[in-house]
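Asks: could you look at this predicted model? Sequence included:
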Amino acid sequence: MTKSSRCHRLAVHTQTTKPLSLAAASAAYAQRGIEGISVWVEALEGLTTPQAKQIIDDFGLQVPALVRGGFFCAASLSERESRIENNRRLIETAAGLDAEMLVLVVGALPGESLETQRGWVRDGIEHLLADAEAANVKLAIEPLHPMYAADKSCINRIAEARQICDALDHPAVGVAVDVYHVWWDPDLSREICLLGTKNQIFAFHLCDWRVPTRDLLTDRALMGDGCIDLKRLRREVEAAGFQGWNEVEIFSEQHWAEDQNAFLDQIVERYNHVC
């Protein structure tokens with residue numbers, strides 16, 4: 001099977017193959033014709049940005065995203081300002097990697113109203129707009145499943161992310177649609193269409209929801225091993241105008257314990273037949 005038919009528009013997140021170093025992951029992806037690598041900040045540990053970029057360039061890979069920025073929610077103004085500064089540094093890192101976007105997991109603070117927190121998120125992103133525009137790096141808000149509403153993300157539906165995008169009304173701000181987090185939403189199809197009207201779908205993340213789920217964080221399933229209608233969701237985002245990368249993002253203790261080369265072979269096969 002040819003490279004293009006197997007891996008067209010396929011990218012893999014470094015966290016999917018967590019046991020591999022950036023260099024080992026880059027080599028393994030390129031060997032299989034996977035052309036995109038979305039880089040988690042953890043994969044950069046011990047490397048300068050130029051060193052990481054050289055590794056990625058040596059294998060001819062492109063970088064859809066740097067993951068993750070955000071985490072805007074904190075009780076004190078000084079801490080919120082510090083987190084904005086950290087995001088500015090991450091935008092610089094993303095630009096240094098030639099990443100298309102910085103993915104934002106927005107954070108949450110237990111005990112504070114979700115409405116207040118969403119205001120912090122909107123304000124935090126607004127402070128980053130000039131930096132993102134100057135660096136030619138997009139900011140992709142990623143809604144997380146409601147199980148994370150208390151302490152990881154006050155943005156849990158596409159509607160809430162879209163409302164921030166509309167309020168800021170800036171071409172650098174959009175949404176990362178992760179099937180794991182949004183497949184359950186009864187308004188999902190409508191929201192995808194609404195995002196499409198303003199070209200606000202920046203990313204599309206693939207995995208599956210295992211039944212029963214053994215761990216809410218580290219038991220994501222390989223595509224086809226769960227209950228999400230992946231083909232339908234891909235058709236919907238593409239009908240809404242999305243033409244970007246299909247990024248495989250799987251956190252799985254089971255798969256991390258396996259041979260990562262065999263796991264990547266499965267990812268390519270499932271991408272070709274299930275998605």
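Replies: Done, it's in.

Asks: so what pLDDT did the nearest residue to Val63 once chain neighbours are set aside get?
Replies: If you skip the residues right next to it in sequence, Val63 has Ala99 as its closest partner in space, 4.3 Å away by Cβ to Cβ, 6 or more residues apart in numbering. C-beta: built from backbone N, CA, C; applies to glycine. For Ala99, the model assigns a pLDDT of 98.

Asks: what of Tyr29?
Replies: At Tyr29, the pLDDT recorded in the model is 98.

Asks: likewise for Met1?
Replies: At Met1, pLDDT is 36.

Asks: what of Ser4?
Replies: For Ser4, the pLDDT comes out at 41.

Asks: helix or strand right after the helix or strand encompassing Val121?
Replies: Using DSSP states H and E, Val121 maps to helix 114-135. Sequence-wise, the next helix or strand downstream of helix 114-135 (DSSP H and E) is strand 138-141.

Asks: what packs against that following strand?
Replies: Applying 3 or more Cβ pairs under 8 Å, 6 or more residues apart in numbering; DSSP states H and E, one finds that strand 138-141 makes contact with strand 65-70, strand 101-105, helix 114-135, helix 158-168, strand 173-178, strand 201-206.

Asks: right, so of those, which gets closest to Cys7?
Replies: Closest to Cys7 of the helices and strands packed on strand 138-141 is strand 201-206 (Cβ to Cβ; 12.9 Å).

Asks: quick one: strands adjacent to the closest one?
Replies: strand 173-178 (parallel), strand 246-248 (parallel) (DSSP bridges).

Asks: just the CA trace of stretch 267-275, in PDB.
Replies: Below are the C-alpha coordinates for stretch 267-275, written out as PDB (Å, rounded to 0.1, in the frame of the first residue of the first chain):
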ATOM      1  CA  ILE A 267      -2.700   3.100  14.300                       C
ATOM      2  CA  VAL A 268      -1.900   3.300  10.500                       C
ATOM      3  CA  GLU A 269      -4.100   0.300   9.800                       C
ATOM      4  CA  ARG A 270      -7.000   1.600  11.800                       C
ATOM      5  CA  TYR A 271      -6.700   5.100  10.400                       C
ATOM      6  CA  ASN A 272      -7.000   3.600   6.900                       C
ATOM      7  CA  HIS A 273      -9.900   1.400   7.600                       C
ATOM      8  CA  VAL A 274     -11.900   2.800  10.600                       C
ATOM      9  CA  CYS A 275     -11.600   6.500  10.300                       C
END
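
Asks: now render the helices and strands packed on strand 138-141 as a markdown table, adding distance to Thr17 and mean neighbour count.
Replies: Formatted as a markdown table, the helices and strands packed on strand 138-141 follow (distance: least, Cβ to Cβ, whole Å; neighbours: other Cβ atoms under 10 Å):
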| stretch | distance to Thr17 | mean neighbour count |
| --- | --- | --- |
| strand 65-70 | 14 | 27 |
| strand 101-105 | 17 | 26 |
| helix 114-135 | 27 | 18 |
| helix 158-168 | 27 | 19 |
| strand 173-178 | 18 | 25 |
| strand 201-206 | 14 | 26 |
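
Asks: returning to what we had before: minimum distance to Thr49: which of the strands paired with strand 201-206 has it?
Replies: So among the strands paired with strand 201-206, strand 246-248 is nearest, using Cβ to Cβ, at 20.6 Å.

Asks: show the average pLDDT along that closest one.
Replies: 98.

Asks: need the residues that contact the following helix or strand past it.
Replies: Where DSSP H and E defines the elements, the next helix or strand beyond strand 246-248 is helix 253-256. By Cβ atoms under 8 Å, 6 or more residues apart in numbering, the list of residues contacting helix 253-256 from outside reads 16, 18-19, 215, 218-219, 222, 263.

Asks: cool, and stretch 241-251?
Replies: So stretch 241-251 is contacted by 9-13, 15-16, 18, 36, 38, 64-65, 100, 178, 180, 196, 199, 201-207, 217-223, 234, 267, 271, 275 (Cβ under 8 Å, 6+ apart).

Asks: give the buried subset of the residues you listed as a PyMOL selection command.
Replies: One line in PyMOL is enough to select the buried ones among these; burial here means 16 or more other Cβ atoms under 10 Å:
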select buried, resi 9+10+11+12+13+15+16+18+36+38+64+65+100+178+180+196+201+202+203+204+205+206+207+219+220+221+222+223+234+267+271+275
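
Asks: alright, I will stop here.
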